[in-house]
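# Below is the sequence, then the predicted model.
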Amino acid sequence: MLETIPNSSSFSVMATDDSMSDDVFESPQEISSLHAPSNQTTGTTPSPTGYRDYKPPIELYKSIVEPEVEIAHKTILLGDSGVGKTSLLVQFNTGKFQPGNFSATVGIGFTNKVVVVDDSKIKLQIWDTAGQERFRSVTHAYYRDAHALLLLYDVSSKTSFDNIRAWLGEIKEYAQDDVVIMLLGNKADCPSSERLVRREDGERLAREYNVPFMETSAKTGLNVELAFMAVARDLKSQKCGNPDDQKFNVQDYVREQTQKGSCPPCNT
Ligand SMILES: Nc1nc2c(ncn2[C@@H]2O[C@H](COP(=O)(O)OP(=O)(O)OP(=O)(O)O)[C@@H](O)[C@H]2O)c(=O)[nH]1
């Protein structure tokens with residue numbers, strides 16, 4: 001469950017239905033609006049510090065939230081309930097796997113992580129969504145301004161794999177056309193006796209939809225960093241790419257990196 005993630009002060013749990021208020025600050029504009037002059041002496045705007053009426057100086061707030069970040073980037077984790085979205089995020093954020101520690105995610109929440117790609121700082125704002133059907137209408141609203149979607153299935157669950165086509169249909173309906181989609185077959189660490197989806201099946205589906213693919217494990221950390229770094233690199237090339245340079249291709253990058261990982265050490 002989202003609240004249990006350690007050391008993730010920026011993580012917020014949102015409403016489980018549309019009627020509740022939203023305390024998540026998504027953009028610098030929203031942050032700035034907290035500091036706009038107001039006629040009210042006692043505001044009711046929620047404070048990012050947790051103290052309802054305390055508003056830190058904007059410079060201080062920015063230095064906490066955005067430490068000299070050059071590019072901000074919104075990534076959403078999607079997939080059936082139980083495929084390992086929260087675990088993947090926690091593994092990326094803390095380097096740890098907490099088995100069986102999370103109850104099903106309620107609604108949606110996010111955490112920020114700043115990564116460095118070729119000397120540029122990129123803030124990944126990673127949104128963890130509830131896989132359960134009953135939260136779908138809440139999470140759809142967040143697809144629209146996403147730069148990247150990490151779509152997970154569980155290699156030990158055929159149903160979660162079969163549902164990927166339906167997820168891709170929803171993405172087509174609600175996300176932007178140029179959103180980066182990455183298909184991840186999670187729980188690759190599971191014993192072969194429990195595996196119900198072969199790697200080749202994942203690869204074939206990814207080829208059919210022309211999206212990059214890799215198997216991951218939130219438990220062992222396999223390819224977890226690679227998945228997030230690939231989207232960070234893609235964003236950097238979109239935002240700062242020199243038009244004369246060859247365009248970064250996230251699919252080629254993922255293929256090269258995953259092949260490197262599985263290649264036996266060279267003697268040369
Ligand atoms: N073996 C193994 N177990 C995993 C892995 N990732 C997650 N799990 C386990 O799978 C279960 C579900 O993981 P969650 O991270 O809560 O799944 P989720 O997709 O966030 O689920 P919802 O919040 O309901 O959408 C937990 O018991 C995890 O410990 C993995 O890579 N390998």
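Structure received.

# name the helices or strands packed onto the helix or strand encompassing residue 112?
Assessed by DSSP states H and E, residue 112 sits inside strand 108-117. Judged by 3 or more Cβ pairs under 8 Å, 6 or more residues apart in numbering; DSSP states H and E, strand 108-117 is in contact with strand 12-13, helix 85-94, strand 120-129, helix 136-143, helix 224-240. The C-beta positions use only the backbone N, C-alpha and C, and glycine is treated the same way.

# Residue 195 is nearest to which of these?
helix 85-94 (17.6 Å; Cβ to Cβ).

# Residues contacting that closest one, please?
1-2, 5-8, 77-79, 96-98, 102, 105, 111, 113, 126, 128-129, 131, 150, 152, 184, 186, 216, 218-219, 221, 224-225, 227-228 (Cβ atoms under 8 Å, 6 or more residues apart in numbering).

# just stretch 228-244 next, same as before
With Cβ under 8 Å, 6+ apart, stretch 228-244 has contacts from 71, 73, 75, 92, 113, 115, 117-118, 120, 122, 124, 126, 147-148, 150, 180, 182, 212, 247-248, 250, 253-254, 257.

# picking up where we left off before, anything in the strand holding residue 112 near the ligand?
No: Strand 108-117 lies out of reach of the ligand by Cβ under 6 Å from any ligand atom, never closer than 10.2 Å.

# ok, now stretch 175-186?
Yes: applying Cβ under 6 Å from any ligand atom, one finds stretch 175-186 in contact with the ligand at residue 186.

# show me what contacts the nearest residue in space to residue 175 that is not next to it in sequence?
Once flanking residues are discounted, residue 175 sits nearest to residue 143: 4.2 Å by Cβ to Cβ, 6 or more residues apart in numbering. When the contact criterion is Cβ under 8 Å, 6+ apart, the partners of residue 143 are 76, 149, 170, 171, 174, 175, 179.

# The ligand contacts on the stretch 151-268 of the chain?
Listed as neighbours of the ligand in the stretch 151-268 of the chain under the rule Cβ under 6 Å from any ligand atom: 186, 187, 189, 190, 217, 218, 219.

# related to what we said a few turns ago, ok, of the contacts of residue 143, which come out buried?
76, 149, 171, 174, 175, 179 (16 or more other Cβ atoms under 10 Å).

# Distance check, the residue nearest to residue 175 against residue 86.
19 Å (Cβ to Cβ, to the nearest Å).

# Same check on residue 141?
20 Å.
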